[in-house]
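**Student:** Sequence first, predicted model second:
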Amino acid sequence: LSDLELTTLSIATAKDARANIGTGQFVGSVSNGVVGMAAMDYGRPLGNVTAKKSWFFFAGGFVALGADIHSSNASNQVNTTLAQVLSDGPTLVHSSSGDETTYSQAFSITASDTQWTLHDGVGYVLLGSNDTLNIEMAERTGNWNEIGLSEGTVTDEVFSVWIDHGIQPSGSSYSYAVIPGSTPESLNQMLDGDIPEVLSNNSSIQAVRHAGTGVSQVAFFEPASLALSADIQVQSDSAVLMQLIELPGGDIELSVSDPTGQLANAGIEVRRSLATGGYKSITLPIRFAQGIKAGKSTVIRFHLPVA
């Protein structure tokens with residue numbers, strides 16, 4: 001999983017490694033060897049933080065979704081950190097109204113109308129209209145010993161981007177994209193349809209679809225059904241990760257994995273609406289690898305008529 005995206009607590013130090021061991025069993029990825037996604041049912045005893053989290057990869061970068069974020073800790077706020085890196089050059093902030101502001105020196109802003117920010121060639125794009133982005137370039141001082149690595153105090157300017165979910169969030173969410181190799185022009189172009197569409201972001205399903213490539217990626221945290229488009233609907237009888245790619249001529253490539261590594265099989269129904277009316281459907285029995293290969297993706301290619 002990318003180290004660009006973490007859900008963290010505002011706690012000064014966490015030397016006890018046991019405090020960072022997750023409690024969720026649902027964690028893994030699905031892929032056809034070329035493109036894929038990852039997801040986890042996040043549970044962190046330190047701070048009592050739980051959440052559903054997914055990362056969906058495409059040619060330009062990745063989309064990150066978070067939902068059902070909860071914490072019973074009354075002392076610390078919960079943040080989702082998009083980036084925390086050494087500062088390198090100016091930062092450009094683009095608002096939803098089209099205004100752009102360049103920051104070349106230390107700054108700190110909290111903006112509810114930010115559409116994207118660009119720093120060191122990496123674009124961070126907000127996809128949720130309710131998210132407020134915190135952006136900062138500031139001098140930070142830290143000691144490596146606080147995370148148990150080595151002695152030594154370091155001071156440097158750090159660029160940070162995060163979403164603040166507040167103290168004791170109950171059902172909070174977020175959605176954003178990270179686009180490396182970006183320019184202001186390319187980010188604006190990406191917003192015109194090159195970033196996958198968010199289909200669902202809740203405690204049951206997190207999913208996106210990239211219409212240009214016909215790739216849909218879904219984290220089923222429980223048995224459920226979802227419309228991927230006006231023509232394609234899917235249903236899973238188990239909690240799985242799924243990737244569906246629509247190919248020319250009515251062919252479909254389906255990749256499925258069991259993030260728990262505990263399932264022997266699952267059933268996936270794929271239904272396509274026909275141009276002439278009605279629909280065609282197929283229910284596929286998915287067999288999962290066992291033993292040391294548990295969690296591996298099962299890839300199936302099949303035909304489902306379009307007319």
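**Tutor:** Structure received. Being a predicted model, the structure only gives us computed values, none of them experimental.

**Student:** Report whether the expected contact of residue 237 with residue 265 is present.
**Tutor:** No: under the criterion of C-beta atoms under 8 Å, residue 237 makes no contact with residue 265, lying 9.6 Å away. To be clear about C-beta, it is placed using only N, CA and C from the backbone, and glycine gets the same treatment.

**Student:** neighbour-wise, which of these two wins?
**Tutor:** Using other C-beta atoms under 10 Å as the criterion, residue 237 and residue 265 rank with residue 237 on top: 16 against 12.

**Student:** what's around the residue nearest to that one when sequence neighbours are not counted, how many residues?
**Tutor:** In this structure, residue 237 finds its nearest non-sequential neighbour in residue 267, 4.4 Å apart by C-beta to C-beta, 6 or more residues apart in numbering. Residue 267 has 14 neighbouring residues, counting by other C-beta under 10 Å.

**Student:** do residue 133 as well
**Tutor:** 24.

**Student:** Tell me how far it lies from residue 21.
**Tutor:** As for residue 133, its distance to residue 21 is 30 Å (criterion: C-beta to C-beta, to the nearest Å).

**Student:** just residue 97 next, same as before
**Tutor:** 44 Å.

**Student:** For the stretch 151-300 of the chain, which segments count as helices?
**Tutor:** 184-189 (DSSP state H, counting those that start in this stretch).

**Student:** where in it is pLDDT low?
**Tutor:** Across the stretch 151-300 of the chain, nothing is flagged by pLDDT under 70.

**Student:** how about the strands in it?
**Tutor:** Assigned by DSSP state E, counting those that start in this stretch, the stretch 151-300 of the chain shows strands spanning 153-167, 170-179, 197-201, 205-210, 215-220, 224-227, 232-236, 241-246, 251-257, 265-273, 279-287, 298-303.

**Student:** Identify whichever of those strands lies nearest to residue 50.
**Tutor:** strand 170-179 (10.7 Å; C-beta to C-beta).

**Student:** The closest one: which residues count as buried?
**Tutor:** 172-179 (16 or more other C-beta atoms under 10 Å).

**Student:** what's the closest of the residues you listed to residue 137?
**Tutor:** residue 178 (17.9 Å).

**Student:** So that closest one sits against residue 60, correct?
**Tutor:** No: Residue 178 is beyond contact range of residue 60, at 9.5 Å (criterion: C-beta under 8 Å).

**Student:** okay if I get the buried residues of strand 170-179 as CSV plus distance to residue 259?
**Tutor:** CSV is the format used below for these (distance: C-beta to C-beta, whole Å):
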residue, distance to residue 259
172, 22
173, 20
174, 21
175, 20
176, 22
177, 22
178, 22
179, 26
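
**Student:** Please convert the strands of the stretch 151-300 of the chain to JSON lines, extending it with distance to residue 123.
**Tutor:** Shown next, in JSON lines, are the strands of the stretch 151-300 of the chain (distance: least, C-beta to C-beta, whole Å):
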{"stretch": "strand 153-167", "distance to residue 123": "11"}
{"stretch": "strand 170-179", "distance to residue 123": "4"}
{"stretch": "strand 197-201", "distance to residue 123": "17"}
{"stretch": "strand 205-210", "distance to residue 123": "17"}
{"stretch": "strand 215-220", "distance to residue 123": "21"}
{"stretch": "strand 224-227", "distance to residue 123": "28"}
{"stretch": "strand 232-236", "distance to residue 123": "30"}
{"stretch": "strand 241-246", "distance to residue 123": "24"}
{"stretch": "strand 251-257", "distance to residue 123": "28"}
{"stretch": "strand 265-273", "distance to residue 123": "34"}
{"stretch": "strand 279-287", "distance to residue 123": "36"}
{"stretch": "strand 298-303", "distance to residue 123": "31"}
